[in-house]
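A.B. asks: model the structure of this input:
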Amino acid sequence: MLHSHLAENPEDPAAFIELALNRIEIPGAKTLALEDARRASGLLPDDSFPLALQSRIFSMLDREKEALPLAESAIALDPEDTYCWNAKTLALSGLHRWKEAEDSARHALQLDPDDETASNLLSHVLRLQSKLEESEQESRRRLARDPENAFSFANSGWAALQRRQVQQAENHFKEALRLDPDMAFAKEGLKESYKARSGFYRLFLRWSFFLQRFNEKHRTLILIGVYVGFRVVRAIAAAVNPMLALPIIIAYYFLLFGTWLSSGLANLLILKDPVARLSLDRDEKLEGIAVGILFIGGLAVVLGGAVTGVVPIMIAGGAMMGAAIPASLVFTNESKSGKLVFSACLAVVLGLGAFVVYHMMADPSAHISRGSTGAALLIALVVVMAVTWLGMIPSLRKAKPE
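C.D. replies: Predicted coordinates:
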């Protein structure tokens, strides 16, 4: 209908705005929506709304650096428009500038205390700063005004999960999905609350909530700092007493393996629950099965090899455990290039492990650390460690918004 209208009225800015708003909701059409908003802005150069709309679309495309100047330009045209301030809050949130996003959301609420978007955004950015009580208060205020607000229930669920109140979080997410069955924010939260039934997973959920307070650059610096700190502390402990280094090494590798494997292992646990398993899609089920077989099965094989004293069996189990890390980045990976990269890493680790096992069984006198077996084990170890760093590259984990 809009295209038909524009065929007769090609200079109607309102039609371009409506077209943009419709295309935002169509998968893969956000770049077209951006062009429509630009056309509207060209026809209405003194109107703040088309600029704010462009800013919002840029935020949806994960291009917040371009979104923020447009939001600020829209505010300059109309500093009393909450839609413009909400666009700025979204851009600042995408840039992980949480305090500035909080200030922006509060300003929008000063202009209009009943603005639903500003209230929900404020609750969201407060939670991401770990201001959980303030976040919950804002969600309650929103629900007092609008008891059917699905986002407020979902945000309360995430806050409860962050406070480790798993059952309460589960109830909030279910209520959010009752009100809006298609809300991805609530669906993801419900899955996380099911996973958080596991004490093992709750440890790594706390680590995730800590990291989410920082942008990608700072997260990478934190992880590098953890690695450097591990090396320094291990060296100091080993110099005092070699046995002191053992618990440090165990703790570091527990963190390393757990960070990547916690979600897959939690999916495996969910599969045991006849109700909770309904929340998992096909790829999540496959990830749980694959990670479970490789890591838990590999651990059992290692222990079996240690008990029997058969070194090739221990190596086979070790290769399976190492392969669990790239496997955790294959099935639920949104990035096609990421799937290819981590699938290749998975094949390399398993292939090299099989090569070493075959070589040592064919020649029992072969030394594990020498010749081709030593080289193969070293390459496999390097690949596994490389995966833990490659996994932090956003383009290898997420699909590019369209």
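
A.B. asks: when you work out contacts or count neighbours from here on, use the C-alpha atoms and nothing else.
C.D. replies: Will do.

A.B. asks: how near is Leu346 to Ser55?
C.D. replies: Separation of Leu346 from Ser55 (C-alpha to C-alpha, to the nearest Å) stands at 40 Å.

A.B. asks: comparing the two, which residue is more hemmed in?
C.D. replies: Ser55 (32 against 26; other C-alpha atoms under 10 Å).

A.B. asks: in contact with that one, which residues?
C.D. replies: Contacts for Ser55 (C-alpha atoms under 8 Å, 6 or more residues apart in numbering) come out as 64, 66-71, 87-88, 91.

A.B. asks: switch to 7 Å and redo it
C.D. replies: Ser55 makes contact with 67-68, 70-71, 87, according to C-alpha atoms under 7 Å, 6 or more residues apart in numbering.

A.B. asks: just those residues now: which is nearest Thr332?
C.D. replies: Thr332 has its nearest neighbour among the contacts of Ser55 in Ala67, at 28.6 Å by C-alpha to C-alpha.

A.B. asks: assign a three-state SS to that closest one, would you?
C.D. replies: With DSSP: H, G, I helix; E, B strand; the rest coil as the basis, the three-state label of Ala67 is helix.

A.B. asks: max pairwise distance over the contacts of Ser55: which two?
C.D. replies: Using C-alpha to C-alpha, the contacts of Ser55 span at most 8.8 Å, a distance reached by Leu70 and Ala87.

A.B. asks: in terms of neighbours, single out the busier of those two.
C.D. replies: With neighbours defined as other C-alpha under 10 Å, Leu70 and Ala87 compare such that Ala87 has more, 31 against 25.

A.B. asks: pretty sure the more buried one contacts Phe58?
C.D. replies: No - contact between Ala87 and Phe58 fails when scored by C-alpha atoms under 7 Å: they sit 9.8 Å apart.

A.B. asks: which residues touch Ser343?
C.D. replies: By C-alpha under 7 Å, 6+ apart, the neighbours of Ser343 are 326, 330.

A.B. asks: the helix or strand harbouring it: which residues count as buried?
C.D. replies: Using DSSP states H and E, Ser343 sits in helix 336-362. Using 16 or more other C-alpha atoms under 10 Å as the test for burial, helix 336-362 gives 338-339, 341-343, 345-346, 348-357, 359-360.

A.B. asks: what's the helix or strand where Ser262 lies packed up against?
C.D. replies: In the assignment (DSSP H and E), Ser262 maps to helix 242-270. Judged by 3 or more C-alpha pairs under 7 Å, 6 or more residues apart in numbering; DSSP states H and E, helix 242-270 is in contact with helix 184-195, helix 199-211, helix 216-240, helix 282-291.

A.B. asks: give me that answer again for 6 Å
C.D. replies: In terms of contacts (3 or more C-alpha pairs under 6 Å, 6 or more residues apart in numbering; DSSP states H and E), helix 242-270 is packed against helix 216-240, helix 282-291.

A.B. asks: lowest average pLDDT across the ones you listed?
C.D. replies: Among these, helix 216-240 has the lowest mean pLDDT, at a mean of 78.

A.B. asks: report the distance from that helix to the chain centre.
C.D. replies: When C-alpha coordinates are averaged (C-alpha atoms, centre = their mean, to the nearest Å), helix 216-240 and its chain have centres 23 Å apart.

A.B. asks: which other helices and strands contact it?
C.D. replies: helix 242-270.

A.B. asks: now do the helix it packs on against helix 282-291, angle only.
C.D. replies: Helix 242-270 and helix 282-291 are oriented at 140 degrees to each other (axes from the mean of the first three to the mean of the last three C-alpha atoms, to 10 degrees).

A.B. asks: and the angle from helix 242-270 to helix 216-240?
C.D. replies: Going by the same axes, to 10 degrees, helix 242-270 makes 140 degrees with helix 216-240.

A.B. asks: buried stuff in helix 242-270?
C.D. replies: Of all the residues in helix 242-270, those buried under the rule 16+ other C-alpha under 10 Å are 244-245, 248, 252, 255, 257-270.

A.B. asks: and for stretch 384-395?
C.D. replies: 384, 387-388, 390-391.

A.B. asks: before we move on, what about stretch 18-25?
C.D. replies: 18-21, 23-24.

A.B. asks: try stretch 60-72
C.D. replies: Neighbour-count burial for stretch 60-72, counted by 16+ other C-alpha under 10 Å, picks out 60-64, 67-72.

A.B. asks: now stretch 95-104
C.D. replies: 95-98, 101-102, 104.

A.B. asks: break this structure into its domains for me.
C.D. replies: Domain segmentation of the chain under automatic domain parsing yields 1-112, 205-396.

A.B. asks: and Trp214, what element?
C.D. replies: In this structure residue 214 is Phe, not Trp. Per DSSP H and E, there is no helix or strand for Phe214.

A.B. asks: give me the pLDDT value at it.
C.D. replies: 74.

A.B. asks: and for Ala366?
C.D. replies: Ala366 is assigned a pLDDT of 67 by the prediction.

A.B. asks: CA atoms only for stretch 62-82, dumped as CSV, please.
C.D. replies: Taking Å, rounded to 0.1, in the frame of the first residue of the first chain, the C-alpha atoms of stretch 62-82 are listed here in CSV:
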residue,chain,number,x,y,z
ASP,A,62,25.0,-2.8,15.6
ARG,A,63,26.4,0.5,14.1
GLU,A,64,26.1,2.5,17.3
LYS,A,65,29.1,4.8,16.5
GLU,A,66,27.0,6.1,13.5
ALA,A,67,23.8,6.1,15.6
LEU,A,68,25.0,8.4,18.4
PRO,A,69,25.8,11.5,16.3
LEU,A,70,22.4,11.3,14.6
ALA,A,71,20.6,11.0,17.9
GLU,A,72,22.5,14.1,19.2
SER,A,73,21.6,16.0,16.0
ALA,A,74,17.9,15.0,16.5
ILE,A,75,18.1,16.3,20.1
ALA,A,76,19.6,19.6,18.9
LEU,A,77,16.6,20.1,16.7
ASP,A,78,14.1,19.1,19.4
PRO,A,79,15.5,18.8,22.9
GLU,A,80,12.0,18.1,24.4
ASP,A,81,11.4,14.9,22.3
THR,A,82,11.7,11.7,24.3
